[in-house]
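Chemist: build me a model from this:
(2 chains)
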Amino acid sequence: MTVFFRSPLHQHLLACALATVSAVCHANEASELPEISLEDLLKVEVTSASRKTEQLHDVAAAVFVISRDDIERSGATSIPEVLRMAPGIEVARLANNRWAVSVRGFNGRFANKLLVLMDGRSMYSPLFSGVLWEYEDTLLEDVDRIEVIRGAGAAMWGSNAVNGVINIITRRARDTQGNLAVAGAGSEERAFAAFRHGGEVGNGHYRVWGKAFVRDGAVTPDDRKGNDYWRNSRVGFRSDWNVSPSQRLMISGAAYSSQTGDRWLLPDVLSPTGASLSDRRQDGQGGHLLSRGEWTLADGSEAVLQTYIDHSRINLQNDLSETRTTVDLDFQHRLTTMGRHDLMWGLGYRQSRDKIETNDTIHITPTKRNISLTSAFIYDDIALLPEKLRLALGARFENNNLSGFEILPNARLMWTPTPTQSIWTSLSRATRTPSRSELDSAIDLQVSPAGTPANPSPFPVLIRYTALGEMLRTESVRAFEIGYRQQFAPSLSLDVAAFHNRYENLRATTTGNQQLFFYPIPYILQNVVPDNSNRARARGVEIAVDWYPLTWWRLQPSYTYLHVDAWSASGDETSAAFAAGVQTSSPRQKFSLRSSMSLSNQQQLDFWLRYVGKMGTNSLSSTVASHTALDLRYAWRPIRNLELSLVGQNLFDRRHVEIVPNMLPSETLEIQRGVYAKARWEF
Amino acid sequence: MVAHADRPAPPDTRGTPRARARSPWRSGLALLALAMLAGAPLAQEQLSEPQAKAAFILNFARYVDWPERTFPSRDAPLTICLIGRDSVATALTALEGRLANGHPVALRTLGSASENMACHVVFIGASETRRLAQTLRSFSGQAILTVGDIDGFIDAGGAIGLVQGNGRLQFEVNRTALEQAQLKASSNLLKLARNLIDFKARN
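Modeler: From the prediction side, this is the model:
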């Protein structure tokens, strides 16, 4: 002990370690700073609970930042798994290759009220209006941070940011120099490997990377092996140049190929259960190229011009193939502060062209669509009382060739009574534009076998979603939010947000006409058609705490409460059932506790405990029981640049269901316990 | 002296995590309790982030030479200023009176960038994030060392940026910004920087 604690700093830290509440020791930080040379400073481990809160201190929105360190210590191997950390976010794993991710309710595989961006590129698919998580990935070691912004963010980010925005921001090429190799294997994570190389070129830096993995499938409740395998490979690059002191340029790109499996309960009038099992294979390829230029103009104002092109192909064996090309152009200009005003404006244009070919189960017409979106926004941040009270007023004006013109306004008020306390409130309106599949598809949903309680008739009933030519309006939300942040000590901070949202014109399905068919056997076709007949009200509270009980031990508890009331404005039976499904698509309560212990400079021990409350699901009246999951990670650095880690996931139970699939008739799967070992080498 | 990263690791005696279906809670909790007990004596040397930032700022001041005219006399104070709000404020007060190249350190808090009189070092606080470029501009052309840890600090024209890496703080230097401020950084400082940027043959 005396060897370790011989200097004044060490004695001070010992006192801290003995004090239960570390606020006591941080109070002394002014007087107790030891003399440390620059060389030694670079080796000192730094605890930084305050950093996050500080950056967020004057953001008038419910923001949660997931740092690179958080990602590394979670042991998570994909972006959706990482997102489980944020309060207010629901992440449910449908299978080992598919997720349902949403913010503040309305969850499902095609959860459509959340916008996700990676380095400014939208990952929101216009086909299903949602994120196809099986195609969105990057080298997790390259992610600098993930900003999770709950609440209507449409004024800033555009429509579809109804309940939230997730910004995945990757590291600058300068910060990823040298080589990195990662490899590992395990029970669920069968095998994975990644490599990155970073170097200098001219006045800038670059990195190139590649990764590949094979993941095992899950199991069905009746012990059959799921068909949810996943093979994925991806390559990418990023380069950043300082062209001149006032001009910077970033260019990045990536390409991927992904094979995933699925098994469908294909609606079948001939089957006594109404469905026949059918193995499906889903292939996806795609890539994008993005460039962003940033200028500091002569008057001190800042301009950003970003443009990207994204191309993707999805082939759902026999059922659907989609080819899509999206081009996006975005310009932003932040003026120099004029008195109390800090003004920003921007223009955007996006065009997304698709070609969709379909077969029987899913039918989409027309086969080609060209969606174009033009937008402009203005945002003024007004300092009503310097350093104390700020008002931000903003609005976005959007024109979409499918759904028309929208105004998306927002007002935010921020009060910072003391440097460690802030209170904010916000009022906003956001919309969601109808997706290609909602507008143009016919999908066989299920068959009710004859002579059952649900269908006492002598004929089986085939229920088909039919949207051929219906006009759908945009969904809209009016959101009220309030939040409070406090930094009690450098080692302890609290963030609380509460909201009340009112939704209008939510897309639902309603009872359509019936037809009798005689081939292959006599059956009734019951159409359900989309309309905007649902309404909903959601309210909730999210609490996040960041605490260092000891300098080497960090605890991050968070709690989410959510209550959604949804109803049908038309009174139609199908529409009412749809509302009931929406109401129970997310758990009412959620709790997460993350613990990170730096046992020494060479060893880390982390755990992550999650409780997810019970929930019902869409359409099928089954209920998903609550579950508690525990992940453990132990990491050891035998030498400076090599880290070996062992991760256990979902350790509390052998397997559990997280969500029942809706929309596409995939079979329900149970997520299993998994263990993997990983090595990371930097050289 | 602070312990080095290369200190040999104590033997790991805790065994690997194992959870059985029979009593997962109990085995999980027992493991955690064990881990905590085992972990406690290994508590290591760490600084809070504000303390580390303050220590870096003092060191930067020692590795940089200012033009002589910026000091009225040999023992005139070297003034470190803080602009905006930042948790480093309290930790900075520990620097008062310490010596940097023979000059005692004096501290000052700036309300706005226009009050930059007589600062040698300016730390740009977290609250300036939204107007970083503008704030940096107001110090340009003067013999002032700008230091900050806002994302993209040196790209926006700051001289020394503090960045996080592997649970430690590191720094990056914008040599062009140092030149324009007529400051001379010692080669040791540049050697220890994680990154150096400059704009060769331009501007």
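
Chemist: show me the helices in chain B, by range?
Modeler: B:24-39, B:49-63, B:88-92, B:132-137, B:175-180, B:187-192 (DSSP state H).

Chemist: looking at chain B, which helix or strand does the model trust least?
Modeler: One helix or strand of chain B scores below all others by mean pLDDT, DSSP states H and E: helix B:24-39, with a mean of 51.

Chemist: if we can go back for a sec, any chance of the helices of chain B in TSV, plus mean neighbour count?
Modeler: For the C-beta atoms, the positions are set from N, CA and C on the backbone; glycine is no exception. Below are these laid out as TSV (neighbours: other CB atoms under 10 Å in any protein chain shown):
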stretch	mean neighbour count
helix B:24-39	15
helix B:49-63	23
helix B:88-92	22
helix B:132-137	23
helix B:175-180	19
helix B:187-192	13
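
Chemist: want to throw the ones you listed into a markdown table with distance to A:Arg396?
Modeler: Shown next, in a markdown table, are the helices of chain B (distance: least, CB to CB, whole Å):
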| stretch | distance to A:Arg396 |
| --- | --- |
| helix B:24-39 | 48 |
| helix B:49-63 | 36 |
| helix B:88-92 | 36 |
| helix B:132-137 | 24 |
| helix B:175-180 | 36 |
| helix B:187-192 | 45 |
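
Chemist: quick one: contacts for A:Glu72?
Modeler: Contact analysis of A:Glu72 by CB atoms under 8 Å, 6 or more residues apart in numbering or on different chains lists A:Glu141.

Chemist: just checking, it is part of a strand?
Modeler: No - according to DSSP: H, G, I helix; E, B strand; the rest coil, A:Glu72 belongs to no strand; its state is helix.

Chemist: do you know how far it is from A:Leu316?
Modeler: The gap separating A:Glu72 from A:Leu316 is 34 Å, by CB to CB, to the nearest Å.

Chemist: same check on A:Val327?
Modeler: According to CB to CB, A:Val327 and A:Leu316 sit 25 Å apart.

Chemist: more crowded one of those two?
Modeler: Using other CB atoms under 10 Å in any protein chain shown as the criterion, A:Val327 and A:Leu316 rank with A:Leu316 on top: 21 against 15.

Chemist: tell me who's in contact with the nearest residue to that one once chain neighbours are set aside.
Modeler: Nearest residue to A:Leu316, sequence neighbours excluded (CB to CB, 6 or more residues apart in numbering or on different chains): A:Gln282, at 5.1 Å. By CB under 8 Å, 6+ apart, the contact list for A:Gln282 reads A:134, A:259-262, A:314-317.

Chemist: in JSON lines: those residues, plus secondary structure and pLDDT.
Modeler: Listed next are the contacts of A:Gln282 as JSON lines, based on DSSP: H, G, I helix; E, B strand; the rest coil; pLDDT from 0 to 100:
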{"residue": "A:Glu134", "secondary structure": "helix", "pLDDT": "90"}
{"residue": "A:Gln259", "secondary structure": "strand", "pLDDT": "94"}
{"residue": "A:Thr260", "secondary structure": "strand", "pLDDT": "94"}
{"residue": "A:Gly261", "secondary structure": "strand", "pLDDT": "93"}
{"residue": "A:Asp262", "secondary structure": "strand", "pLDDT": "92"}
{"residue": "A:Ile314", "secondary structure": "strand", "pLDDT": "94"}
{"residue": "A:Asn315", "secondary structure": "strand", "pLDDT": "94"}
{"residue": "A:Leu316", "secondary structure": "strand", "pLDDT": "89"}
{"residue": "A:Gln317", "secondary structure": "coil", "pLDDT": "83"}
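
Chemist: now the buried members of those.
Modeler: Buried subset of the contacts of A:Gln282 (neighbour count, 16 or more other CB atoms under 10 Å in any protein chain shown): A:134, A:259-262, A:314-316.

Chemist: widest-spaced pair of these?
Modeler: Maximum pairwise distance among these (CB to CB): 14.2 Å, between A:Gly261 and A:Ile314.

Chemist: does chain A have contacts with stretch B:159-172?
Modeler: Yes - applying CB under 8 Å from any CB of the partner chain, one finds stretch B:159-172 touching chain A at B:163-165, B:167-170, B:172.

Chemist: could you pick out the buried ones from those?
Modeler: Neighbour counting by 16+ other CB under 10 Å classes B:163-164, B:167-170, B:172 among these as buried.

Chemist: out of the residues you listed, what pair is the most spread apart?
Modeler: Farthest apart among those - using CB to CB - are B:Gly167 and B:Glu172, which lie 17.4 Å from each other.
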